[in-house]
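Engineer: Sharing a sequence plus its predicted fold:
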Number of protein chains: 2
Amino acid sequence: MKGVQTTRKTSGRSRPASQTYDHIIAERKRREQLSQQFVALSAIVPGLKKMDKTSVLGDTIKYLKHLQQREKELEEQATKQTMESVVLVKKSQLLLEDEGESSDQQEGCSNEQPLPEIEAKMCDKHILLRILCEKHRGVLVRILSEMDKLNLDVINTSVAPFGSLTLDITIITEVSSTKAQLT
Amino acid sequence: MKGVQTTRKTSGRSRPASQTYDHIIAERKRREQLSQQFVALSAIVPGLKKMDKTSVLGDTIKYLKHLQQREKELEEQATKQTMESVVLVKKSQLLLEDEGESSDQQEGCSNEQPLPEIEAKMCDKHILLRILCEKHRGVLVRILSEMDKLNLDVINTSVAPFGSLTLDITIITEVSSTKAQLT
DNA sequence: GAGCACACGTGAGAC
DNA sequence: TGTCTCACGTGTGCT
């Protein structure tokens, strides 16, 4: 090889003696670590055509950018999907904000989201309202009066018990005049 | 510097002459490219404490693994969210598979998913079924007969027109005997 | 033989 | 003060 001699140096200049050996070994170790992480990186990054360091780094950068963008897309999409129901839950809390005795949420069914669960759809002038709430006295009147406040003419209502504690309410309304809105 | 001599070499051994110069330059270029991608990578990977190559590669690997796992989580979660409705749509197509005249999907409302739209919930022995479908003759009977085939006792039904072309159906059933299931 | 990619030893700067 | 990290020139193998 070139200069693998243990004790001496060819130039004899510039530095003590055996210390250069430590330098060689340290550098060797550092290089080994680097190469090691290069192979680790190559193993992780998919679709590697060329395996030289430059290509590995380049493809890693490309892949990383791709992943970052995709993460944002998925995250955005995930929040978008829950947006609607979140808004509906907010509206439900507005409607039933001064409910007195509904302290704790009822559980026990195979459902993930807490009651009340409200779903709204619009078609032409019609609004379909599907409500799943705790079985309490007077809820229907409250809801219908709220509909009235919003200038929504009730076309059809259906109330049915679902399980022992829950009430399923379906209401179809129609926008009565031109000044009605869903604030 | 050390050996930047243009035409000669110190050792005088092993290789022609000016060709070594090309070698030096080529190697220089390669190194520059590598370092360039190192800085590019450092710019992309967030939360870099140490900026030396080994640390950059190490943190890149960690960050990459983190991103990959997160991508799977989000993707999985996204499909999970649509899973339920997809299954329900599948079931709906089974129910209405031999429907004759419903060739094209009706549109025109502020809705994203095509009809029929079916939602099912279970609580104790009760099953709540909410269906939004095209307004056709005999759909209710078909659905109720299907309920009967599944040994589901109908407790309550509600059918109401929603818009001009849509029908909102709410059905609450109860598992009749012990041998009933939702295949 | 030209071109490329790599690991090596080595000097120098940084803390 | 050492210790770490880097870029450099160079030899070598592979295509």
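Structural biologist: Happy to help now that I have it. These figures come from a predicted structure and were not determined experimentally.

Engineer: Find the least confident helix or strand in chain A, judged by mean pLDDT.
Structural biologist: Least confident helix or strand, chain A: helix A:53-95 with a mean of 75, by mean pLDDT, DSSP states H and E.

Engineer: Could you check how many residues crowd around A:Ile169?
Structural biologist: When neighbours are defined as other C-beta atoms under 10 Å in any protein chain shown, A:Ile169 has 22 of them. No exception for glycine: its C-beta is placed from N, CA and C like everyone else's.

Engineer: I misspoke; the intended subject was A:Val141.
Structural biologist: As a burial measure, A:Val141 scores 9 neighbours (other C-beta under 10 Å).

Engineer: same question for the helix or strand where it lies, mean pLDDT?
Structural biologist: A:Val141 belongs to helix A:139-149 when assigned by DSSP states H and E. For helix A:139-149, the mean per-residue pLDDT is 81.

Engineer: same question, stretch A:25-42
Structural biologist: 93.

Engineer: Report the buried residues of it.
Structural biologist: A:37-38, A:41-42 (16 or more other C-beta atoms under 10 Å in any protein chain shown).

Engineer: same thing with stretch A:127-138?
Structural biologist: For stretch A:127-138, a neighbour-count test (16+ other C-beta under 10 Å) marks A:127-134 as buried.

Engineer: Quick one: those as a markdown table, columns for distance to DNA strand D and pLDDT too.
Structural biologist: Below are the buried residues of stretch A:127-138 laid out as a markdown table (distance: C-beta to the nearest atom of the strand, whole Å; pLDDT from 0 to 100):
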| residue | distance to DNA strand D | pLDDT |
| --- | --- | --- |
| A:Ile127 | 64 | 82 |
| A:Leu128 | 63 | 85 |
| A:Leu129 | 63 | 87 |
| A:Arg130 | 61 | 87 |
| A:Ile131 | 62 | 88 |
| A:Leu132 | 60 | 86 |
| A:Cys133 | 62 | 86 |
| A:Glu134 | 62 | 84 |
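
Engineer: Redo those residues as CSV? Include secondary structure and distance to DNA strand C.
Structural biologist: Shown next, in CSV, are those (DSSP: H, G, I helix; E, B strand; the rest coil; distance: C-beta to the nearest atom of the strand, whole Å):
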residue, secondary structure, distance to DNA strand C
A:Ile127, strand, 65
A:Leu128, strand, 63
A:Leu129, strand, 65
A:Arg130, strand, 62
A:Ile131, strand, 64
A:Leu132, strand, 62
A:Cys133, strand, 64
A:Glu134, strand, 64
